[in-house]
Structure formats: C-alpha cells, structure tokens
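Undergrad: I would like to see how this sequence folds:
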Amino acid sequence: MIEKPEELTKIVYTVSELLKADKENELFEILSNSEVNVEETGYDNWNGGTYFFTIYLNADVESFVKIRDRIEKIEADLLSRFEIATKGFESEVVSNIRIVPKAQPKIDWSRISGLSTKENLIKDVEYLKNVMTSVSTGGQRIQEVDEEYQQKFNLVNKCLQRLNLQNPNPFKGLWDWYGKWSSEFSTYRERRAFIREMYNSLIQTLEENEEPEMISITIDLTDWERIERSIQEIKTRQSDAKKEEQFQVVGLLCRETIITLAQAVFNAEKHPILDNVKVSKTDAKRMLEAYIAVELAGSSNKILRSYARATLDLANVLTHKRTATKKDAALCSTATLSLINFIGTIEGRI
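TA: Predicted coordinates for the structure are as follows:
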C-alpha cells in the first residue's frame, strides 16, 4: 500500500528520478529537502472501491516562503509525477500534493549542561534505537540489556524534557517493547521500519541544531543544583542581552555564581585563609584562593594554581565592571564557566 513506509520510500525515489530526468531542478530540491508523509484522505466505493491519498511535503519555513507565490503550480507539477509513479497501485490514487511549512525547533543545549551534551544525547538515542532493533530481530536477549536500556531511556527522557522536545519512544523497558512487536509486527522488516520511523524525526532535529558557541559545562553537576540553575540563567540572559543594563545583569549573575561555587567547596577548617582575614560568606576570592592553595599544593601544581588564580581574577574583574558591553558579558560568562569546570574537575566531578 502507498502508506507503507517502504512503499512510500520507493515512490519518492521514483519521483526524484523523474524530476532529474526532466531537469526539474527546483522541484527535485523541494522534494529532496522536505519531510514526506502520506495520509489517506478519501474513499470511493464505486467499482470495487478506490482509496485516495494526500502526500504532504513538510518544507522548512525559509524554503516555503521562497515558493509560496507559486505553490499551486509546484504542487500540480509534483502531483503529475506522483501519478506516474503510482500507476501500478490498484485501487489507490495520489490525489493531492500539499507543501506545508515546518518550523524547526531551536534547541537551547545549555539546558542539559552537566547532564549530557548534544553529541552524547545523539549517541544515547542511537543506542536505544539499536538495542530495540537488536532484541526484536534475533540479536541480543532482553534480560541481558534491559537494565542498561532503562538507564539510557531515563537519561534521554530527562534530557528531552529539559529541551522541551517530545520523546517519541513510549517503551520505558524492553519488555514493554516486546509486548508491542510480538502482537503487531510479525516480520523483522516491520519492526525495523517502526523503530526507524519512530526516531527519524527526533534524530534529525537533534543533528540539525547547532550547539551554542559559549563554553559548555563538562563536569557532573549532581548536588550542585543551585550552580546548575545559575549557569542556565547566565546563558539565557547572555543570549537575550542587547543593552548595557542587560550586560551588567550577566556580570552580576556570574558574580553570584562564583560566590555559590566558593561556598560549595570551601571548608574553613581545611582551607586556611592566606592573609588570615576573617572572611564573609560572600568573599569568594579569598575562599577560592585558600581552596586552590590546599587542593593544588606542591611544586608540580604551580602552573595549575597560576591558571586557577588568573581565571578567578578575570572573572572577578569582569563581574564588577560597570560599563558592560556584549564582549564583556561574553568574556565574563566564559571565565565563570571555565572556573566552574576547573574547580569541578579538582572535586572529581568528571
């Protein structure tokens, strides 16, 4: 049937070849760059019955805007090729082509800082996809991989929730997936097709959204929830900042984050203040200098101590700068996040 994924793929390929042969380059590009779906949209019971289908081409907004004044002609030209490609289907007709705009969601990757990265999230999604395929096509045994599958599923699900993306996979465990495939899909081919269709759109969305240029957090932020929230706020504010006052807010947030970081790692009994001054709870510079002196003690750590202090000094200067610019805000954020990564690494959060 036309609506089967494997048949639709063959039809689209045939139409593409027809367009190339006719040198219809624009139509070929539109089809190639669109997400193709099919839907049954009518039925006529005369003479044995005929099913009518509409092919939907989901094009990105930018491409759609370029052709919207000619959309009816383009749809008609494409329909003529789809009619040729589906002549061999009995009682099934492609009656309409509809090109519709599809907005690509913008992903704020900073929302999963400390939890995962774009690269790791895609790897974990591919892992789920591959394991589901393996256990349902004579490969791995469920009882051998179900525990790891559930752990990966929970991590991916948490990441997708933070990114405001829908999880297309309803199977929290492989036995749930077994209940689905054993009752509905009798062949390996059907099972592979189901998994592929379930995950294709999500994987495409993840791959096509670039990570931000700002430095990312590479440490584990477990139990550092306040710092994690602050990091998210810094990145959001920096991304939205347009005026001097907004750039200053980024600096203030960085200052408060450094204070929180110092409070998280400083231990008065273990880390004596270098100049013997009684420190307040907000004296992040003295607390972190004391922390660095102890945790990176020894001649072998001299360069690391210098780097840590320089990073701290830079962050401290930038957070107090009153005439803030976009560059200042970016440098301040970078220095602050770098300091968090550095201290977190010393703490073993890797």
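
Undergrad: What segments of this structure are helices?
TA: Here the chain has its helices, by DSSP state H, at 5-21, 25-32, 61-67, 71-85, 118-135, 142-162, 174-184, 188-208, 225-240, 244-265, 284-295, 302-319, 326-346.

Undergrad: I'd like these laid out as a markdown table, including mean pLDDT and mean neighbour count.
TA: Every residue, glycine included, has its C-beta placed from N, CA and C. Shown next, in a markdown table, are the helices of the chain (pLDDT from 0 to 100; neighbours: other Cβ atoms under 10 Å):
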| stretch | mean pLDDT | mean neighbour count |
| --- | --- | --- |
| helix 5-21 | 90 | 16 |
| helix 25-32 | 91 | 16 |
| helix 61-67 | 81 | 14 |
| helix 71-85 | 94 | 16 |
| helix 118-135 | 94 | 18 |
| helix 142-162 | 95 | 16 |
| helix 174-184 | 95 | 15 |
| helix 188-208 | 86 | 15 |
| helix 225-240 | 84 | 18 |
| helix 244-265 | 87 | 20 |
| helix 284-295 | 91 | 20 |
| helix 302-319 | 78 | 17 |
| helix 326-346 | 87 | 21 |
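
Undergrad: Could I get these in TSV, plus columns for distance to residue 108?
TA: As requested, the helices of the chain are exported to TSV (distance: least, Cβ to Cβ, whole Å):
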stretch	distance to residue 108
helix 5-21	32
helix 25-32	29
helix 61-67	19
helix 71-85	32
helix 118-135	11
helix 142-162	9
helix 174-184	30
helix 188-208	13
helix 225-240	7
helix 244-265	16
helix 284-295	27
helix 302-319	23
helix 326-346	14
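
Undergrad: Next up, the contacts around the residue nearest the centre of the chain.
TA: Nearest to the geometric centre of the chain sits residue 206, at 4.2 Å (Cα atoms, centre = their mean). Applying Cβ atoms under 8 Å, 6 or more residues apart in numbering to residue 206 gives the contacts 107, 118, 121-122, 125.

Undergrad: Nearest spatial neighbour of residue 49, chain-adjacent residues omitted?
TA: For residue 49, ignoring the flanking residues on the chain, the nearest one in space by Cβ to Cβ, 6 or more residues apart in numbering is residue 91 at 5.9 Å.

Undergrad: thought that neighbour was touching residue 47?
TA: No. At 9.1 Å, residue 91 does not count as touching residue 47 under the criterion of Cβ atoms under 8 Å.

Undergrad: So those two - more neighbours on which side?
TA: residue 91 (12 against 7; other Cβ atoms under 10 Å).

Undergrad: quick one, phi psi at the more buried one?
TA: Residue 91 adopts backbone torsions of phi 60, psi 20, taken as degrees, to the nearest 10.

Undergrad: how close does the nearest residue to residue 224 once chain neighbours are set aside sit to residue 230?
TA: What sits nearest to residue 224 in space, not counting adjacent residues and going by Cβ to Cβ, 6+ apart, is residue 264, at 6.3 Å. Distance of residue 264 to residue 230, given as Cβ to Cβ, to the nearest Å: 11 Å.

Undergrad: rewinding a little: so which of the helices of the chain gets nearest residue 218?
TA: Residue 218 sits nearest to helix 326-346 of all these, at 5.5 Å, using Cβ to Cβ.

Undergrad: could you give the angle of that closest one to helix 244-265?
TA: 10 degrees (axes from the mean of the first three to the mean of the last three Cα atoms, to 10 degrees).

Undergrad: What would helix 326-346 look like as CSV? C-alpha coordinates only.
TA: Output of helix 326-346 as CSV, limited to C-alpha atoms (Å, rounded to 0.1, in the frame of the first residue of the first chain):
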residue,chain,number,x,y,z
LYS,A,326,28.4,42.5,24.8
LYS,A,327,32.1,41.4,24.7
ASP,A,328,32.4,41.9,28.5
ALA,A,329,29.4,39.8,29.1
ALA,A,330,30.7,37.0,26.9
LEU,A,331,34.1,37.1,28.5
CYS,A,332,32.6,37.1,31.9
SER,A,333,30.4,34.1,31.2
THR,A,334,33.3,32.2,29.6
ALA,A,335,35.6,32.9,32.6
THR,A,336,32.9,31.9,35.1
LEU,A,337,32.0,28.7,33.3
SER,A,338,35.7,27.8,32.9
LEU,A,339,36.2,28.3,36.6
ILE,A,340,33.3,26.0,37.4
ASN,A,341,34.7,23.4,35.1
PHE,A,342,38.2,23.8,36.7
ILE,A,343,37.0,23.6,40.3
GLY,A,344,34.6,20.8,39.5
THR,A,345,37.4,18.8,37.9
ILE,A,346,39.5,19.2,41.1
